[in-house]
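Undergrad: Just the structure for this:
(chains A, B, C and D)
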Number of protein chains: 2
Amino acid sequence: MSAARPSLRADARRNRDAVLVAAREVFAEQGLDAPLDAVARRAGVGRATLYRSFPTREDLVRASFDDNLEALEALVAEHADPDRAFEALLRTTAELQLRDLGFIELLARRGPDDAITHDIVERFLAVLREPLRQAQAAGLVRADVAEDDAMLVVEMLGAAARGGAGRNDRALALLLDALAP
Amino acid sequence: MSAARPSLRADARRNRDAVLVAAREVFAEQGLDAPLDAVARRAGVGRATLYRSFPTREDLVRASFDDNLEALEALVAEHADPDRAFEALLRTTAELQLRDLGFIELLARRGPDDAITHDIVERFLAVLREPLRQAQAAGLVRADVAEDDAMLVVEMLGAAARGGAGRNDRALALLLDALAP
DNA sequence: ACGCAACCGGACGCCGCTGTCCGTTTTATG
DNA sequence: CATAAAACGGACAGCGGCGTCCGGTTGCGT
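TA: Coordinates of the predicted model:
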């Protein structure tokens, strides 16, 4: 849902979207190092077409996960109880990680190219900042938890998510408990 | 230091040891998927020689990490205060993970082949069992922590270790706190 | 010291992934 | 509907890692 690309032929836009959908699936299943062949094949498109819309893997990764970041931003912006937005953010992030190996790698800065992930992690940190402050002000989270600590928690949740839903839940409970005053 | 291979020529044994040393270094730096070329090169040996001693990657991985497991077993067996052996085990494991990417992957069952890692994880769980029980009996660890939960903690420590020593320490503090009653 | 067996490692062919090129097809315009 | 521009995708060459083969070398027993 990026801004409309006015000068783009109909078939081009169609293929671009198909690639993006396929990329999200493939990255979710196989991680960020997945062969681009797999993406093109799943999109029903030649490799050249993929490269035309996304010259580098980085471009494709960035575009693929834009939705996730937007969803998290919206979650925070529209959350009913701002004091609990931080917890909701962690829960939702953990859930996204559970279904998306690529997102785990992205947030752990373990992508094929660090430059790719750096921007996205920064953006995630920006989303995290205000809810964390608010939760601390409300006495729901220990005051000595820095942004970086929250990021560490997210990375640990990612590790847990690889072990399936059970582990994911257990880790979330454990870590929320550890963050409480 | 596995049992002596009586029928093994001197140069063969020498090369075998060199490969093992090189493998530990390479796996530590690059993870379990590191190219075997790199191992052979660092050992100053041709690939064929490597394959002669370790026909599959699994053989090499298993042999490479035997020392780590033995060290942990020894740590537990000889620990002065059995009640605190569990905590010592976690600390030492975290430290090993900090300096060894391969060991992180191994304990997270994320090796190239699951069969490789399964045995080692089982062995690690066996090491974990008694100290955990004892720590719980001594009231140092919550009673509702299962073996699997302890393993989850180890995996999360692994994720933290990728971020450097600072993260490693922080995660250890956070998780030990979460495990306490 | 000598000969045989064991061992070595450079070289080879294979495979999967990458990124680009170019003849063909599809779309937009007048 | 015709034509030019834009986009398509199969095909190609290159690269890096794998596993093996074989002519040459080294160690060990006599």
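Undergrad: what does chain A put close to DNA strand D?
TA: A:7-9, A:11-12, A:14-16, A:44-49, A:52-53 (C-beta under 7 Å from any atom of the strand). All C-beta atoms are positioned from the backbone trio N, CA, C, and that covers glycine.
Undergrad: quick one: which of those residues sit in helices?
TA: Using DSSP state H to define helices, the subset of the residues of chain A next to DNA strand D located there is A:11, A:12, A:14, A:15, A:16, A:47, A:48, A:49, A:52, A:53.
Undergrad: how close does the fourth one sit to DNA strand C?
TA: This means residue A:15. Separation of residue A:15 from DNA strand C (C-beta to the nearest atom of the strand, to the nearest Å): 10 Å.
Undergrad: Quick one: name whatever helix or strand follows the lowest-mean-pLDDT helix or strand in chain A.
TA: Each helix and strand of chain A was given a mean pLDDT (mean pLDDT, DSSP states H and E); the minimum falls on helix A:114-137 at a mean of 92. Downstream of helix A:114-137, the first helix or strand assigned by DSSP states H and E is helix A:147-161.
Undergrad: Name only those of the ones in helices among the residues of chain A next to DNA strand D that count as buried.
TA: Using 16 or more other C-beta atoms under 10 Å in any protein chain shown as the burial test, these include A:15, A:16, A:49, A:53 as buried.
Undergrad: Check the residues you listed and tell me the two furthest apart.
TA: Using C-beta to C-beta, these reach their maximum pairwise distance at A:16 and A:49, which is 8.6 Å.
Undergrad: and stretch A:153-169, average pLDDT?
TA: Stretch A:153-169 shows a mean pLDDT of 97.
Undergrad: Tell me the span between the first and last residue of it.
TA: 14 Å (C-alpha to C-alpha, to the nearest Å).
Undergrad: that older thread, restrict the ones in helices among the residues of chain A next to DNA strand D to those near chain B?
TA: Among these, no residue lies close to chain B (C-beta under 8 Å from any C-beta of the partner chain).
Undergrad: CSV please, covering those and showing distance to residue A:94 and pLDDT.
TA: Listed next are these as CSV, based on distance: C-beta to C-beta, whole Å; pLDDT from 0 to 100:
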residue, distance to residue A:94, pLDDT
A:11, 39, 95
A:12, 37, 96
A:14, 34, 97
A:15, 34, 98
A:16, 31, 98
A:47, 34, 97
A:48, 38, 97
A:49, 35, 98
A:52, 36, 97
A:53, 31, 97
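Undergrad: List just the nearest of these to chain B.
TA: Chain B lies nearest to residue A:47 out of these, by C-beta to the nearest C-beta, at 24.2 Å.
Undergrad: How much space separates the nearest residue to that closest one once chain neighbours are set aside from chain B?
TA: Once flanking residues are discounted, residue A:47 sits nearest to residue A:40: 4.8 Å by C-beta to C-beta, 6 or more residues apart in numbering or on different chains. Going from residue A:40 to chain B by C-beta to the nearest C-beta, to the nearest Å gives 24 Å.
Undergrad: Residue A:51 now?
TA: With C-beta to the nearest C-beta as the criterion, residue A:51 and chain B are 26 Å apart.
Undergrad: That residue: neighbour count?
TA: 16 (other C-beta atoms under 10 Å in any protein chain shown).
Undergrad: what does the one 5 residues further on give?
TA: The burial metric for residue A:56, expressed as a neighbour count using other C-beta under 10 Å, is 11.
Undergrad: again, but for the one 4 residues further on
TA: Burial of residue A:60 is recorded as 24 neighbouring residues (other C-beta under 10 Å).
Undergrad: Next: residue A:148.
TA: Residue A:148 has 13 nearby residues by other C-beta under 10 Å.
Undergrad: List the contacts of it.
TA: For residue A:148, no residue meets the contact criterion (C-beta atoms under 8 Å, 6 or more residues apart in numbering or on different chains).
Undergrad: helices and strands around the helix or strand hosting residue A:74, which ones?
TA: Assessed by DSSP H and E, residue A:74 sits inside helix A:57-77. The elements that helix A:57-77 packs onto, with contact taken as 3 or more C-beta pairs under 8 Å, 6 or more residues apart in numbering or on different chains; DSSP states H and E, are helix A:10-30, helix A:36-43, helix A:85-98, helix A:101-107, helix A:114-137.
Undergrad: Tell me which of the ones you listed is the most buried.
TA: Most buried of the helices and strands packed on helix A:57-77, by mean neighbour count (mean count of other C-beta atoms under 10 Å in any protein chain shown): helix A:101-107, with a mean of 23.
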